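J.: Just need the structure, nothing else, for what follows:
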Amino acid sequence: MSNERRPSESLSSQRGYSLIELLVVVAIVGVLSLVMVPNFMSLYQSNRMKSAMRQFTSDVRGARQEAVTSYRFTKISIVPGTGTYRIEASPDLGTTWNVVSEKTMMEPITFASTTFLDGDGDDDPEFIFRNNGTTATAGTIVIETEADIPNNSITIEINTVGTVKTI
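T.: From the prediction side, this is the model:
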């Protein structure tokens with residue numbers, strides 16, 4: 001037996017895809033990409049916002065825990081209009097402060113506003129966890145992003161007993 005084509009076979013019986021079929025598939029993939037890429041980018045930005053909020057609230061809860069376990073005051077200072085915040089500890093119940101860490105949230109996430117006030121004259125709003133885990137005042141902090149996502153801001157509430165929650 002030979003692998004040669006018999007004269008009665010036509011070219012249309014060969015296996016494969018035509019140019020038109022390939023162009024239709026490419027067009028379908030293109031249309032799906034136009035729809036899916038913006039949705040994916042929105043999901044990505046939304047996840048970054050949630051991740052920044054979780055990291056910040058985790059750091060706040062960690063500062064409260066540090067205040068209680070080490071029996072010293074812990075302060076969180078927020079730099080408004082940026083995503084930067086400092087965690088400081090006081091070995092002498094609030095007279096002097098040592099910077100424990102300084103952190104910055106992922107761009108373009110920033111602190112939009114807060115109801116906490118500046119207590120030490122550096123123009124940065126702050127709140128202090130006492131050595132029993134409470135705070136002198138309750139307040140809120142709003143973080144936001146300029147990304148075009150459905151919920152581009154998140155409000156974080158800290159009450160006087162030290163509970164941290166998002167609202």
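
J.: Provide a list of residues in contact with N132.
T.: 67-68 (Cβ atoms under 8 Å, 6 or more residues apart in numbering). Backbone N, C-alpha and C define where each C-beta goes, glycine included.

J.: Looks to me like it is in a helix.
T.: No: read with DSSP: H, G, I helix; E, B strand; the rest coil, N132 is coil and lies in no helix.

J.: And for I143, the neighbour number?
T.: By the criterion of other Cβ atoms under 10 Å, I143 has 24 neighbours.

J.: Tell me the helix or strand right after whichever strand or helix holds it.
T.: Following DSSP states H and E, one finds I143 within strand 139-145. Once strand 139-145 ends, the next helix or strand along the chain (criterion: DSSP H and E) is strand 153-158.

J.: What strands line up against that following strand, and which way round?
T.: strand 139-145 (antiparallel), strand 164-166 (antiparallel) (DSSP bridges).

J.: buried ones in it?
T.: Within strand 153-158, the residues scored as buried using 16 or more other Cβ atoms under 10 Å are 154-156, 158.

J.: average pLDDT across it?
T.: If you average the pLDDT over strand 153-158, you get 96.

J.: For it, which outside residues touch it?
T.: 49-50, 53, 56-57, 60, 112, 127, 135, 138-145, 164-167.

J.: Just the buried ones out of these, please.
T.: Buried by 16+ other Cβ under 10 Å: 49, 53, 56-57, 60, 112, 127, 135, 139, 141, 143-145, 164, out of those.
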